[in-house]
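Q: Build me a structure from this.
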Amino acid sequence: MKKNNYKKNGKKGGRPKGNTYSSSYVIPDFENIVLTEAQHVKLIERFGTEIIKKALIILKDWLLTSPAGYKYRGKNNYAHFRADGWLINEAKISIQQT
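A: Here you go, the predicted structure:
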């Protein structure tokens, strides 16, 4: 029978505990948002500079003002940038309105 290493993995052998994104860097003016440099470059290539800049502003405001955003501070925020997600859609709408 295989025994799980509970110190290395999460409960019952799940995701590893702790911050696996050790190579995170701070985006200027967006200290609360955590992304790796590769993730940031990938987002800019996929969506463009204008949409990502607007999305970062929206995410920063959400992290600082929303009670739900409190639990995402200091963690990697790459999952928020889904193509069909609320953040990118909100950024596209706000760019179209201006």
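
Q: ok, longest helix in this structure?
A: helix 49-65 (DSSP state H).

Q: what sits opposite Thr36 in the beta ladder?
A: Beta-bridge partners recorded for Thr36 (DSSP bridges): Ser24.

Q: Count the residues that sit near it.
A: 15 (other C-beta atoms under 10 Å). Every C-beta, even on glycine, is put in place using the N, C-alpha and C of the backbone.

Q: show me what contacts it?
A: Residues counted as contacts of Thr36 (C-beta atoms under 8 Å, 6 or more residues apart in numbering) are Tyr21, Ser23, Ser24, Tyr25, Asn76, Tyr78.

Q: Pull out the buried residues from the residues you listed.
A: Taking 16 or more other C-beta atoms under 10 Å as the criterion, what is buried in the contacts of Thr36 is Ser24, Asn76, Tyr78.

Q: Out of these, flag the one nearest to Glu45.
A: Tyr78 (13.9 Å; C-beta to C-beta).

Q: Model confidence for that closest one, exactly?
A: pLDDT, Tyr78: 93.

Q: which residue is nearest the middle of the protein?
A: Asn77 (1.1 Å; C-alpha atoms, centre = their mean).

Q: Would you mind confirming that that one makes contact with His40?
A: No. Here Asn77 lies out of contact with His40, judged by C-beta atoms under 8 Å, at a distance of 10.5 Å.
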